[in-house]
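Undergrad: this one's structure only:
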């Protein structure tokens, strides 16, 4: 399932970066990372340090025994404005499946923010993870089911 076509436009949060470095132990650093897209037009300011849990399970064409959850963490924000958030340091931490070594400099990340609004939270609906998908430089979703 390609999230580009199943998520409403207003709930799309995109991330891009200029350089990837692999730090080992399932960790990948994304240098000069930015959030952009419709979600950044109307959001509460992010804290200087934080994280999101990303669910990459949709990358698998077959059933897997566990969810593929990766933690995206940031430390420091360069700027926050309507339409763009720039980060100092961002890390993807994959302690379960270990497939992030495929990520390249020109790839993109789509984060589905559906169900994560203040209205959802105030009515008692909490989602712990964000459905997400990585796209290569051609715009195709990664197929992690291939080795």
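TA: Okay, I see it. Please read these numbers as outputs of a predicted model, since none were measured by experiment. Numbers count the residues shown, from 1 in each chain.

Undergrad: pLDDT below threshold where in the chain?
TA: Along the chain, segments meeting pLDDT under 70 span 61-65, 117-118, 120-122, 124-125, 144-147.

Undergrad: Most distant residue from the centre of it?
TA: Relative to the C-alpha centroid of the chain, counting by Cα atoms, centre = their mean, residue 123 is the outermost residue, at 24.8 Å.

Undergrad: Would you mind measuring from it to residue 38?
TA: Noted for residue 123: a distance of 22 Å to residue 38, by Cβ to Cβ, to the nearest Å. Where you see a C-beta, it was placed from the backbone N, CA and C, and this is true even at glycine.

Undergrad: Wait, residue 79 touches residue 88, no?
TA: No: in this structure, residue 79 is not within contact of residue 88 by Cβ atoms under 8 Å, at 10.2 Å.

Undergrad: Between those two, which is the more surrounded one?
TA: Between residue 79 and residue 88, counted using other Cβ atoms under 10 Å, the more crowded position is residue 88 (13 against 9).

Undergrad: give the contact list for the more buried one.
TA: Counting by Cβ atoms under 8 Å, 6 or more residues apart in numbering, residue 88 touches 74, 75, 76, 77, 78.
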